[in-house]
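[1] this one's sequence-less:
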């Protein structure tokens, strides 16, 4: 009986160790299968991440090219608008000058000397701005000037500002002529 009790106490004492040992042996294949499944999932996720990274890189490159093309087209459109504006202003200048010359010739009571002086001034403006058309042509052709788009735009804007100044000069010549002629007529009428 003592032996039996001793065996029972020993069995009870070693029972948790046996349960743990059996659980470890039983759970080892389960852990290995879980670990294998986790590794397989990780490999799938990494493969998917590589694919997504490749797609994102390609998308980034295409987007970057699209942005560059957009800016090139935008710059080209702005240049076209600027060129159109400059050419239209040149045409307006020539039309203004020719109209002023016609109007000056039709003014009655103006002295021939004042008509000639105003015509000479307007003709100088026209002659000096004929060169602008040649400069515009040379600026727009890539063969004549070795400059970038910014340089071309700056040059065209400079021509546009000079043309606007010339239009103001012609307008002031014509206004001054009209004022002097009106004043002379008024003086003659008073006398």
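    Sure, I can see it. Since the structure is predicted, the reported quantities are computational estimates derived from the model, not experimental observations.

[2] can we go C-alpha only for contacts and neighbour counts from here?
    OK.

[3] which helix or strand lies directly C-terminal to the helix ranked longest in the chain?
    Across the chain, the longest stretch assigned as helix under DSSP state H is helix 2-106. Per DSSP states H and E, the first helix or strand lying C-terminal to helix 2-106 is helix 112-140.

[4] what's the angle from that following helix to helix 2-106?
    Interaxial angle of helix 112-140 relative to helix 2-106 (axes from the mean of the first three to the mean of the last three Cα atoms, to 10 degrees): 150 degrees.

[5] any idea which helix or strand comes after helix 112-140?
    Helix 112-140 is succeeded, C-terminally, by helix 149-190 (DSSP H and E).

[6] any idea how far residue 57 lies from residue 64?
    Note on residue 57: its distance to residue 64, by Cα to Cα, to the nearest Å, is 10 Å.

[7] circling back to that earlier point, tell me how far the longest helix of the chain is from the chain's mean position?
    How far helix 2-106 lies from its chain's middle: 26 Å, per Cα atoms, centre = their mean, to the nearest Å.

[8] which strands and helices sit next to that helix?
    The contact analysis (3 or more Cα pairs under 8 Å, 6 or more residues apart in numbering; DSSP states H and E) places helix 2-106 against helix 112-140, helix 149-190.

[9] make CSV out of those and add mean neighbour count and mean pLDDT.
    Below are the helices and strands packed on helix 2-106 laid out as CSV (neighbours: other Cα atoms under 10 Å; pLDDT from 0 to 100):
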stretch, mean neighbour count, mean pLDDT
helix 112-140, 15, 79
helix 149-190, 16, 81
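
[10] can you put those in TSV and add distance to residue 51?
    Output for the helices and strands packed on helix 2-106, formatted as TSV (distance: least, Cα to Cα, whole Å):
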stretch	distance to residue 51
helix 112-140	47
helix 149-190	40
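
[11] what's the closest of those helices to residue 31?
    helix 149-190 (68.0 Å; Cα to Cα).

[12] remind me what the closest one packs against, helices and strands.
    Helix 149-190 packs on helix 2-106, helix 112-140, going by 3+ Cα pairs under 8 Å, 6+ apart.

[13] give the contact list for residue 82.
    153, 156-157 (Cα atoms under 8 Å, 6 or more residues apart in numbering).

[14] repeat that for residue 51.
    Contacts of residue 51 (Cα under 8 Å, 6+ apart): none.

[15] ok, it to residue 59 distance?
    Residue 51 is 12 Å from residue 59, by Cα to Cα.

[16] who's in contact with stretch 104-115?
    With Cα under 8 Å, 6+ apart, stretch 104-115 has contacts from 174, 177, 181, 184-185.

[17] middle-most residue in the protein, spatially?
    residue 71 (4.6 Å; Cα atoms, centre = their mean).

[18] before I go, just wanted to say thanks for your time.
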